[in-house]
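Undergrad: predicted model and sequence below, questions to follow.
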Amino acid sequence: GNKEGAALVVNERMFNMPQELAVPLMQGLFDEIRWSKDEKAGTKEVPGGYQFKHFVFLSRFLKDGEAGEGKGGGRKRKKKSGGGGGGEDVYVKAEDEIVRKAAEIWYEFPLLNKEGENGMSWYGLVAVLPAAKVPGVLAGLVSVVGDLAIQNQKALD
């Protein structure tokens with residue numbers, strides 16, 4: 001049968017952590033998945049290893065309070081669908097915006113029990129990222145926040 005599946009990634013990195021740490025954290029996550037696939041391939045626990053075709057990311061972001069769809073409403077979009085509605089999305093973690101832009105499909109919904117600030121409201125985000133797009137997401141993240149590991153290595157040289 002088909003052994004390809006989806007992995008759930010819950011992105012709850014602390015907000016006060018430097019954005020530059022997003023690159024080594026994301027790179028480490030995907031390295032671990034790749035290594036576990038190689039190490040576990042053909043074992044009794046995981047016959048054939050891990051074969052993730054998609055990664056389902058869960059996270060949250062802020063949205064202009066005027067842009068919401070009303071209580072309990074959500075928006076489901078396929079990649080490259082037009083923006084409608086006006087308001088600005090504010091991604092506290094840079095990787096969330098990059099993942100959402102690369103996602104095959106994504107869904108946002110208001111977090112009714114989470115108060116925002118300055119007219120902004122918290123929204124939840126579910127984004128489905130094809131595994132083939134992971135290298136592009138990592139490259140996009142490096143271009144936005146830099147690569148702290150590379151910078152530190154250069155400083156040591």
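TA: Good, I have the coordinates. Numbering: from 1, shown residues only.
Undergrad: when you work out contacts or count neighbours from here on, use the C-alpha atoms and nothing else.
TA: Fine.
Undergrad: sheet partners, orientation included, of the strand ranked longest in the chain?
TA: The strand that spans the most residues within the chain, counting by DSSP state E, is strand 51-64. Note on strand 51-64: by DSSP bridges, its sheet partners are strand 4-10 (parallel), strand 89-90 (antiparallel), strand 120-130 (antiparallel).
Undergrad: what's the next secondary structure element after the second one?
TA: What that stands for is strand 89-90. helix 94-102 (DSSP states H and E).
Undergrad: what sits against residue 19?
TA: 93, 94, 145 (Cα atoms under 8 Å, 6 or more residues apart in numbering).
Undergrad: quick one: low-confidence ranges for this protein?
TA: Flagging of the chain using pLDDT under 70 yields the residue ranges 1-3, 37-50, 65-87, 148-157.
Undergrad: again, only using 90
TA: Within the chain, the stretches with pLDDT under 90 are 1-5, 7-9, 11-52, 64-88, 90, 92-94, 112-120, 143-157.
Undergrad: top helix in it by residue count?
TA: If you go by DSSP state H, the chain has its longest helix at helix 22-40.
Undergrad: residue 11 and residue 57 touch, don't they?
TA: Yes - the criterion here is Cα atoms under 8 Å, and residue 11 meets it with residue 57 at 6.9 Å.
Undergrad: those two: who's more crowded?
TA: residue 57 (20 against 14; other Cα atoms under 10 Å).
Undergrad: how close does the more buried one get to residue 119?
TA: Distance, residue 57 to residue 119, by Cα to Cα, to the nearest Å: 26 Å.
Undergrad: residue 6 contacts residue 33, correct?
TA: No - taking contacts as Cα under 8 Å, residue 6 lies outside contact range of residue 33: 12.0 Å.
Undergrad: and residue 131, how many residues sit next to it?
TA: 16.
Undergrad: correct me, but it touches residue 57?
TA: No - contact between residue 131 and residue 57 fails when scored by Cα under 8 Å: they sit 11.8 Å apart.
Undergrad: quick one: secondary structure of residue 112?
TA: At residue 112, secondary structure determined by DSSP: H, G, I helix; E, B strand; the rest coil is coil.
Undergrad: quick one: which of the contacts of residue 19 is most hemmed in?
TA: Neighbour-wise, those (other Cα under 10 Å) top out at residue 93, 21 neighbours.
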